[in-house]
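**Q** coordinates for the following, if possible.
(2 chains)
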Amino acid sequence: MVGEVMGTREEMLAMLRMMMMIRNFEETADKLTLRGKVSGGMHNSSGQEAVAVGVMSALAPDDVIATTHRSHHHTLAKGFSAREVMAELMTKATGVSKGRGASMHLGDVARGHFGGNGIVGAGMGIGMGAALGIKLAGDKKVAVGFVGDGGMNTGRTWEAVNMAAIWKLPLIVVVDNNQYAVETFIERVTAGGDLPKRASGFGLPASTIDGQNVLEVKDAVAKARDFALAGNGPTFLNAVTYRYYGHNVGEKGQYRTLEEIEDWRTNRDPIDQLAARLFADGLLDQATFDEMTASVEAEIKDAVEFAENSPNPDPADVMLNVDSGKLRG
Amino acid sequence: MASEPTYSEAYQSGIREEMNNNPKIFIMGTDLQERGGHFAQVKGIAQEFGGERVRDTPISEAAMIAAGVGAAMYGMRPVVDLNFMDFALGAMDEIINQAAHIRYMFNGSVPLIIRATSGIAQAGAHHNNSFESFFAHTPGLSVAVPGTPWDVKGLLKTALRADDPVIFMMHKKLTGMRGPIGGPEDLVPFGKARIAREGADATLVTYGYTLIPAMKAAETLAAEGKQVEILDLRTLFPMDMDAVIEAVKRTGRMVVVDEAPLFASITAEIAATASEAAFDSLKGPIVRVGAQRAPLSADPGMVEATIPSISDIEAALRKVLSY
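**A** Residues are numbered from 1 along each chain as shown, chains lettered A, B, ... in the order given. Here you go, the predicted structure:
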């Protein structure tokens, strides 16, 4: 499977390193948040790395993404540097959104990142719109609209899925399904239970995939991308994953058992799983792994230093880019 | 001699010319292709440009605006036609949190026009809301309120050549109004009020349909020997406060009228800002005229009792003329 579907050793090591980098980034950022360094708090994606890295590994660099309130992993995997994401968390002028967005509002339209989003379900709709733009422009690209399990129960999600389906838009809906809408277990609030069944009612291919298995995610997205580029329209992928930390940093949740969290961490961790497989296949050795671990640590340490040493936005620029100014003469 | 075009035909003319100029412009909304929209605003446009560029949508306001936002970010120039402004409520997150705020954070433009017919006519509480103030209140949005066919076409062209989300509110009761329209390059700028009637004794500031009762009230006052200047704002954001303040300095007496509920309305913004900027020029307080803060009834008599009448406007003018 590895050779035929999943690409070269270098590509797989790159996926592993990206997941390790995201994990280190998130755990570092979590501590910085508890120390009051991150304005407005943050949503930690630890545990969900394979969804982001699997998706981005299957996309072309100029494909478009639009995402959710928990989007550090998507943004880093899309190719944004740890420096500029960390700087954004600290609302620094060198950040992804020039310090105006922080954790929830990472985005840069020019680089195909149509934004994180503070509103559940909104990013996926924007992804659908991007897919319409792609289709009308006649470009050979796709858009990915990320949405969480919480977004499965907002009406607009299904308005957007319906529209993508009737117009056969090149959209891939990826449910980054960590199973808890803040503290509410998805099964408690989702009639019918099966999300792909719900989606397939709109007449598009829909399936559940293992969001802890980066290779499976990549494979599913690659197929969805080919399907979209061939003019067949959208695909719905329910990537089941798990977040190791609370909804927000500092949460003292009682809604999950420690055993449940430990089970996912120990038995289904996406980084451990890929590393074990690469070791077993002889594609990774301990020296290389240790080197990757050290280089990730150095990268994140550098990102924190960069962010801390960066200036905040200039308050004199408050009115800059509220609008283009073209209508104000 | 052919009659002058209607307010809706002015919109058709503007959109047709701009769609011919710019292949990135497309329209989407309900009932556009066959019906031409609920106000004939795009009658014939689908037949001319085809179904890819004039798209009939499901009744999914949130998805319609989201589609417009994403496509605009991608570089297209969508016009989302909601038919009735009231239907925007199903997409308020997409309009306020998304369309209006994206440029500020994400290094990109949202050249999106949201066209809808607005204003008070008939059919009750769900088709007659006046949302001018809360759209104008939102950072990032611009709001056009054309009161003539000329301004419909000229403001639309300006909006379609700019880079911002624009709420384009056309008044129901002006749908069949006839008047001259400009040519392909007769653009009407945003933020420039128009003197709709000259007069030295008092200034009445308004926009949209209310220009008509305002004009009638001014004629009544003229018969009594008082000349009332009428300022048509044309856009509510950007707003031509310079023109308002100059008018206060010129006449010293001001009435501000619209048909939205008076509380927290656009008229309050104008009166407050003009008073602050030109208090010394005023001979007395600026008087505001607006609707009662009640939902719109479907009963014609109830509607009349809710919104300002011509005699309410005349009374306000007489009051400022008494200073």
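
**Q** how distant is stretch A:198-218 from the center of its chain?
**A** 15 Å (C-alpha atoms, centre = their mean, to the nearest Å).

**Q** mind listing what's buried along that stretch?
**A** A:198-199, A:202, A:204-218 (16 or more other C-beta atoms under 10 Å in any protein chain shown). Where C-beta positions appear, they are placed from N, C-alpha and C, glycine not excepted.

**Q** quick one: end-to-end distance for that stretch.
**A** 23 Å (C-alpha to C-alpha, to the nearest Å).

**Q** state the number of residues packed around the residue of the stretch 101-250 of chain A found nearest chain B.
**A** Taking C-beta to the nearest C-beta, chain B has its nearest neighbour within the stretch 101-250 of chain A at residue A:129, 1.9 Å off. Per other C-beta atoms under 10 Å in any protein chain shown, the neighbour tally for residue A:129 reads 37.

**Q** excluding sequence neighbours, find me the nearest residue to it.
**A** Spatially, and ignoring its direct neighbours in sequence, residue A:129 is nearest to residue B:70 (1.9 Å; C-beta to C-beta, 6 or more residues apart in numbering or on different chains).

**Q** just to be sure, that neighbour is in a helix?
**A** Yes: assessed with DSSP: H, G, I helix; E, B strand; the rest coil, residue B:70 lies in a helix.

**Q** list the contacts of residue B:43.
**A** Residue B:43 is in contact with B:8, B:12, B:36, B:37, counting by C-beta atoms under 8 Å, 6 or more residues apart in numbering or on different chains.

**Q** to clarify, my last question referred to residue B:193.
**A** Contacts of residue B:193 (C-beta under 8 Å, 6+ apart): B:205, B:231, B:232, B:233, B:234, B:240, B:243, B:244.

**Q** distance of it relative to residue B:206?
**A** Going from residue B:193 to residue B:206 by C-beta to C-beta, to the nearest Å gives 10 Å.

**Q** quick check: neighbours shared by those two?
**A** Overlap of the contact sets of residue B:193 and residue B:206 (by C-beta under 8 Å, 6+ apart) consists of B:231, B:232, B:233.

**Q** report how many residues lie close to the residue in chain B that chain A sits nearest to.
**A** Proximity of chain B to chain A (C-beta to the nearest C-beta) peaks at residue B:70, 1.9 Å away. The tally of other residues near residue B:70 (other C-beta under 10 Å) stands at 36.

**Q** what is the longest helix of chain A by residue count?
**A** helix A:9-34 (DSSP state H).

**Q** which parts of the next helix-or-strand element following that helix are buried?
**A** Beyond helix A:9-34 on the C-terminal side, the first helix or strand identified by DSSP states H and E is helix A:49-58. Within helix A:49-58, the residues that count as buried by 16+ other C-beta under 10 Å are A:49, A:50, A:51, A:52, A:53, A:54, A:55, A:56, A:57, A:58.

**Q** now render those as JSON lines, adding distance to residue A:75 and pLDDT.
**A** Formatted as JSON lines, the buried residues of helix A:49-58 follow (distance: C-beta to C-beta, whole Å; pLDDT from 0 to 100):
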{"residue": "A:49", "distance to residue A:75": "12", "pLDDT": "98"}
{"residue": "A:50", "distance to residue A:75": "16", "pLDDT": "98"}
{"residue": "A:51", "distance to residue A:75": "13", "pLDDT": "98"}
{"residue": "A:52", "distance to residue A:75": "8", "pLDDT": "98"}
{"residue": "A:53", "distance to residue A:75": "12", "pLDDT": "98"}
{"residue": "A:54", "distance to residue A:75": "15", "pLDDT": "98"}
{"residue": "A:55", "distance to residue A:75": "12", "pLDDT": "98"}
{"residue": "A:56", "distance to residue A:75": "10", "pLDDT": "98"}
{"residue": "A:57", "distance to residue A:75": "15", "pLDDT": "97"}
{"residue": "A:58", "distance to residue A:75": "17", "pLDDT": "97"}
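
**Q** reformat those as a markdown table; add distance to chain B.
**A** Formatted as a markdown table, the buried residues of helix A:49-58 follow (distance: C-beta to the nearest C-beta, whole Å):
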| residue | distance to chain B |
| --- | --- |
| A:49 | 24 |
| A:50 | 26 |
| A:51 | 21 |
| A:52 | 19 |
| A:53 | 23 |
| A:54 | 23 |
| A:55 | 18 |
| A:56 | 18 |
| A:57 | 23 |
| A:58 | 20 |
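
**Q** list the contacts for residue 34?
**A** No chain was given, so I picked chain A. A:249, A:250.

**Q** let me rephrase: I mean chain B.
**A** residue B:46.

**Q** how much space between it and residue B:43?
**A** From residue B:34 to residue B:43 the distance is 10 Å (C-beta to C-beta).

**Q** just the buried ones from the contacts of residue B:43, in PyMOL syntax?
**A** The following PyMOL line selects those of the contacts of residue B:43 that are buried, judged by 16+ other C-beta under 10 Å:
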select buried, chain B and resi 8+12+36+37
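
**Q** isn't residue A:154 up against residue A:117?
**A** No: counting by C-beta atoms under 8 Å, residue A:154 stays clear of residue A:117, with 11.9 Å between them.

**Q** of the two, who's got more company?
**A** Per other C-beta under 10 Å, whichever of residue A:154 and residue A:117 has more neighbours is residue A:117, with 27 against 19.

**Q** need the nearest residue in space to that one, chain neighbours excluded.
**A** Residue A:117 sits nearest to residue A:123 (C-beta to C-beta, 6+ apart), 4.0 Å away.

**Q** quickly find the element holding the one you found.
**A** Using DSSP H and E, the element containing residue A:123 is helix A:122-137.

**Q** for the stretch 101-250 of chain A, which residues are neighbours of chain B?
**A** Within the stretch 101-250 of chain A, the positions lying close to chain B (C-beta under 8 Å from any C-beta of the partner chain) are A:101, A:105, A:107-110, A:113-115, A:117-119, A:122, A:125-134, A:136-137, A:143, A:155-156, A:159-160, A:162-163, A:166-167.

**Q** tell me the span between the first and last residue of stretch B:300-320.
**A** Start-to-end, stretch B:300-320 (C-alpha to C-alpha) is 30 Å.

**Q** and the helices in the stretch 51-200 of chain A?
**A** A:72-78, A:82-89, A:122-137, A:155-166, A:186-189, A:195-200 (DSSP state H, counting those that start in this stretch).

**Q** burial measure for the nearest residue to residue B:88 once chain neighbours are set aside, as a count.
**A** Leaving aside its chain neighbours, residue B:88 sits nearest to residue B:82 (5.7 Å; criterion: C-beta to C-beta, 6+ apart). Taking other C-beta under 10 Å as the criterion, the count of residues near residue B:82 is 24.

**Q** tell me which element residue B:82 falls in.
**A** Per DSSP H and E: strand B:77-84 holds residue B:82.
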